[in-house]
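> got a predicted structure plus its sequence, pasted below:
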Amino acid sequence: MEYLLDPALKYQPKNLIKSKNFQKLHSKTQNLGYHNAAVWFRGSFLTDAQQTKLLVFDYPILQRVQLWLYHNSKLVDYQINGLEVPIHKRQIQNRHIVFPISLPKGKTIFLIQIQSGTAIRYKAALLNPSHFAHFTEQDNLIYGIFSGIMIIMFLYNLFLFVEIREKSYLYYSLYVLSHLLCQLSYTGYAAQYLWPFSTWWSLHSIRGLFGFLFIFALLFTREFLNLKEQRMQKWIYFMSFLAIVQLVYSLCDFSGKSAMLLSVTAALFCILLIAFGVYAYRKKEMNAKYYLVAWSFFLVSSFLMIFEVYGLLPNNLFFNHVMLIGSGIEVTLLSLALANQINILKNKEIAAKEKLLEQSKEIQKLQDEINRRLEEKVRERTAVILKQQEELENQIQMARSIQHALLPKDLPILHNAEVYYLYKPMMQIGGDFLDILVHDDKLGLFLCDVSGHGVPSALLASMVKISLMTWRYTIEDPVQTLKDIEDRMRDKLDGNFLTAQVFCIHLDNSEFSAASAGHLPFFIKRHNGGVERIKPAGGIISDYIRVSRRVMNGKLQHGDRLVCFTDGVIEARNNQGEEYGENIVCEYLDRYANEPVSVFCNQLFEKVTSANNTDPEDDIAILAMDWKG
């Protein structure tokens, strides 16, 4: 086997068949270093009969490899391969650079031209397809075991990070992942399985991924060895910056310059990591010895791989995969160190708990004495609180009685209308309020709902009652009635608001007018069976805005039923937890259309208050009227 350097790319393959410029190779594996130009290799095959062979290059990261076969000075085959050729376009889709060749009987001369930004390493073998399949299967098994170990370590440490939130586990898991990707990229497996369609990334990832490896290794080292001193931090920042420069430059350039930068960075990186380990060991850091032993295995395996590449060590199964062995031992030792760190933390936690237990016993003695004194105070205060609670309950009961007293005591008896109402607060007192007024052949109906519940809402509802003292003077104008309430309640709502509905029904001619302050719609069940949903225009009553409202006029006929209500009716929930909505009102208007208005109100009230066997979620008020005129 002979080789020839072609720095100016001036040689043509046909002119090199008999050229005397070639030099002899001294071994079957030759590393010629980095060359910006091409390197030619020449050799020959001698066969007794036509044969089909595979020419395999066991250095899968060569950028471009071209092959010419000459028989009797005639070109019989030409092929191109290398990382520039996507896996799916190769004749043999394998991580190795493989040329399937058919050798005719006799002497066949071959010329190989290699151009690559990596080191030019000639390590080729002529194999039978069955031998190559066995060789590939053996390699896949070894790298599969290695990848499995690395993935398990990655997932294991990532799981530990999720569980205990210790940053060293996160950085180590990312270091293991980047380490695995570097190995797969360098050996061609990544180009075959992870990114087979990206030749650009297949080339640049070989060096670019080392940038991530350096960064995550530095971050892990800082956390694992607890390097918090300022001078250590400066070295870590410097190396991180150099790693980022190496990463960016590797993505922009694939020549020998980027390889040189990677070599310098890697050398400084290894020296610095060992120095960090020694420094931590001298500080008696508990994890330093694990760290030093692990990195020692990694460095030894790296040097053995370099010696094997340059032919200083035999080319066998062990030395071919010595880097994998060293990496696997390194990762395993560091994982054991991290696991040991968990045990140490557990022991510290146990010791802290024991100390805490002793302290808690002393505290318990003091607490017992304090509790004894407190119990005396509590008994005294409990008696006072019970008395105050009884007083409060009496006051709330009195407020409940007062609120009920504000409601219409007696329903008006009219020859052409029948009125009925029901009211139930969510708590003992509530914010819903209604009123009925008969004045000068006019029937007034009023319903309001104050936001919130309990005492504050009840007080505001009482104020609404006071605001209705002059209702008789505006009974014919529902809009004016609402405006009077709004004026009297101004600056008294303290962030609350209320909705209301007012009706004026002329008892002599069955006409009615209605106005709304943002309240729910009311419904009219007509004597002919139809149900009308009516919502007069108008906004809520509050301290912040003033809105206009419009009156809505209509006419009632004999047998019509008018009903209005607060949101506690439609927001009540059935046994499935769903709100009844307005449909429940329409349903009961139809179901009890021929029953007295009191029956309708009681049935609807019972329906919405008995669902789920729970107390209502809001105050409930129903006001209804049957027209008989």
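Perfect, I can see it now. Numbering: from 1, shown residues only.
> quick one: average confidence on whichever helix or strand residue 289 is part of?
Using DSSP states H and E, residue 289 falls within helix 288-309. Averaged across helix 288-309, the pLDDT comes to 71.
> let me see the residues that make contact with stretch 66-73.
13, 17, 55, 75-81, 99, 101, 103-104, 106-113 (CB atoms under 8 Å, 6 or more residues apart in numbering). All C-beta spots, glycine's among them, are computed from the backbone N, C-alpha and C.
> for that stretch, buried residues please.
For stretch 66-73, burial by neighbour count (16 or more other CB atoms under 10 Å) applies to 66, 67, 68, 69, 70, 71.
> spit out the contact partners of residue 116.
Applying CB under 8 Å, 6+ apart, we find residue 116 in contact with 61, 62, 63, 64, 82.
> ok, 6 Å please
62, 63 (CB atoms under 6 Å, 6 or more residues apart in numbering).
> how close does it sit to residue 82?
7 Å (CB to CB, to the nearest Å).
> element containing residue 142, please.
Going by DSSP H and E, residue 142 is in helix 129-164.
> how many other residues sit next to residue 76?
14 (other CB atoms under 10 Å).
> for it, what are its contacts?
By CB under 6 Å, 6+ apart, the residues touching residue 76 are residue 69.
> that older thread, mark which of the contacts of stretch 66-73 are buried, thanks.
Neighbour counting by 16+ other CB under 10 Å classes 13, 55, 77, 79, 81, 99, 101, 103, 108-113 among the contacts of stretch 66-73 as buried.
> tell me, what's touching residue 116 and residue 82 both at once?
With CB under 6 Å, 6+ apart as the test, residue 116 and residue 82 both reach 62, 63.
> same question for residue 433, what's its three-state structure.
Of the three states, residue 433 takes strand under DSSP: H, G, I helix; E, B strand; the rest coil.
> residues contacting the nearest residue to it once chain neighbours are set aside?
What sits nearest to residue 433 in space, not counting adjacent residues and going by CB to CB, 6 or more residues apart in numbering, is residue 461, at 4.0 Å. Taking CB under 6 Å, 6+ apart, we find residue 461 in contact with 431, 433, 450.
> put the alpha carbons of the helix or strand harbouring residue 461 into PDB.
Counting by DSSP H and E, the element that carries residue 461 is helix 454-467. Only the C-alpha atoms of helix 454-467 are listed here, as PDB (Å, rounded to 0.1, in the frame of the first residue of the first chain):
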ATOM      1  CA  GLY A 454     -75.200  37.500  55.200                       C
ATOM      2  CA  VAL A 455     -75.200  40.600  57.400                       C
ATOM      3  CA  PRO A 456     -73.800  43.200  55.000                       C
ATOM      4  CA  SER A 457     -76.300  42.300  52.300                       C
ATOM      5  CA  ALA A 458     -79.100  42.200  54.800                       C
ATOM      6  CA  LEU A 459     -78.300  45.800  56.000                       C
ATOM      7  CA  LEU A 460     -78.200  47.000  52.400                       C
ATOM      8  CA  ALA A 461     -81.600  45.300  51.700                       C
ATOM      9  CA  SER A 462     -83.000  47.100  54.700                       C
ATOM     10  CA  MET A 463     -81.800  50.400  53.300                       C
ATOM     11  CA  VAL A 464     -83.600  49.500  50.000                       C
ATOM     12  CA  LYS A 465     -86.800  49.100  52.100                       C
ATOM     13  CA  ILE A 466     -86.300  52.600  53.500                       C
ATOM     14  CA  SER A 467     -85.700  53.900  50.000                       C
END
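> what does stretch 83-103 contact?
By CB under 6 Å, 6+ apart, the residues outside stretch 83-103 that reach it are 45, 47, 51-57, 60, 63-65, 67, 79, 81-82, 188-189, 192, 196-197, 199, 202-203.
> swap in 7 Å and give it another go.
45, 47, 50-58, 60-65, 67, 69, 77, 79, 81-82, 136, 187-189, 191-192, 196-197, 199, 202-203 (CB atoms under 7 Å, 6 or more residues apart in numbering).
> tally of neighbours for residue 623?
Residue 623 has 25 neighbouring residues, counting by other CB under 10 Å.
> surely it touches residue 434?
Yes. Using CB atoms under 7 Å, residue 623 is in contact with residue 434, at 5.0 Å.
> quick check: neighbours shared by those two?
Residues within reach of residue 623 and of residue 434 at once, by CB under 7 Å, 6+ apart, are 421, 447.
> ok so, going back, and the angle for the next helix or strand after the helix holding residue 461 with helix 454-467?
Following helix 454-467 in sequence order, the next helix or strand is helix 478-489 (DSSP H and E). Orientation check (axes from the mean of the first three to the mean of the last three CA atoms, to 10 degrees): helix 478-489 against helix 454-467 gives 120 degrees.
> can you list the low-confidence ranges for the protein?
Along the chain, the parts satisfying pLDDT under 70 run over 27-35, 256, 302-324, 345, 392, 394-396, 398-399, 401-403, 428, 611-616.
> distance of residue 582 from residue 204?
On the measure of CB to CB, residue 582 and residue 204 end up 67 Å apart.
> so for these two, which sits in the more crowded spot?
The neighbour comparison of residue 582 against residue 204 (other CB under 10 Å) goes to residue 204, with 21 against 15.
> in three-state terms, label the more buried one for me.
Taking three-state DSSP as the rule, one finds residue 204 in the helix state.
> from the buried residues of stretch 66-73, which single one is nearest residue 566?
Proximity of those to residue 566 (CB to CB) peaks at residue 66, which lies at 89.1 Å.
> and the closest one, helix, strand or coil?
At residue 66 the chain is in strand, as set by three-state DSSP.
> that older thread, looking at the buried residues of stretch 66-73, which one is closest to residue 277?
residue 66 (46.2 Å).
> restricting to C-alpha, output stretch 36-48 in PDB.
Provided in PDB are the C-alpha atoms of stretch 36-48 (Å, rounded to 0.1, in the frame of the first residue of the first chain):
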ATOM      1  CA  ASN A  36      -6.200  20.700   4.000                       C
ATOM      2  CA  ALA A  37      -5.700  19.000   0.700                       C
ATOM      3  CA  ALA A  38      -6.200  15.400  -0.600                       C
ATOM      4  CA  VAL A  39      -4.300  12.300   0.200                       C
ATOM      5  CA  TRP A  40      -4.100   9.500  -2.400                       C
ATOM      6  CA  PHE A  41      -3.700   5.800  -1.600                       C
ATOM      7  CA  ARG A  42      -2.800   3.100  -4.200                       C
ATOM      8  CA  GLY A  43      -2.900  -0.600  -4.100                       C
ATOM      9  CA  SER A  44      -3.900  -3.700  -6.000                       C
ATOM     10  CA  PHE A  45      -6.000  -6.800  -5.700                       C
ATOM     11  CA  LEU A  46      -5.000 -10.100  -7.300                       C
ATOM     12  CA  THR A  47      -7.800 -12.700  -7.700                       C
ATOM     13  CA  ASP A  48      -8.000 -16.200  -9.300                       C
END
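> now do whichever strand or helix holds residue 400 against helix 129-164, angle only.
Using DSSP H and E, residue 400 maps to helix 322-406. Interaxial angle of helix 322-406 relative to helix 129-164 (the same axes, to 10 degrees): 40 degrees.
> immediately after helix 322-406, which helix or strand?
Per DSSP H and E, the first helix or strand lying C-terminal to helix 322-406 is strand 417-424.
> tell me the buried residues in that following strand?
417, 418, 419, 420, 421, 422, 423, 424.
> repeat for stretch 536-547
By 16+ other CB under 10 Å, the buried positions in stretch 536-547 come out as 536, 538, 540, 541, 542.
> re the thing from before, which members of the contacts of stretch 66-73 are positioned in strands?
Within the contacts of stretch 66-73, residues falling in strands by DSSP state E are 55, 75-81, 99, 101, 103, 106-113.
> residues of stretch 153-171 that come out buried?
Using 16+ other CB under 10 Å as the test for burial, stretch 153-171 gives 153, 154, 156, 157, 158, 160, 161, 166, 168, 169, 170, 171.
> kindly reformat these as a markdown table containing distance to residue 222.
Rendered in a markdown table, the data for these read as follows (distance: CB to CB, whole Å):
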| residue | distance to residue 222 |
| --- | --- |
| 153 | 20 |
| 154 | 20 |
| 156 | 21 |
| 157 | 16 |
| 158 | 19 |
| 160 | 18 |
| 161 | 16 |
| 166 | 13 |
| 168 | 9 |
| 169 | 14 |
| 170 | 12 |
| 171 | 8 |
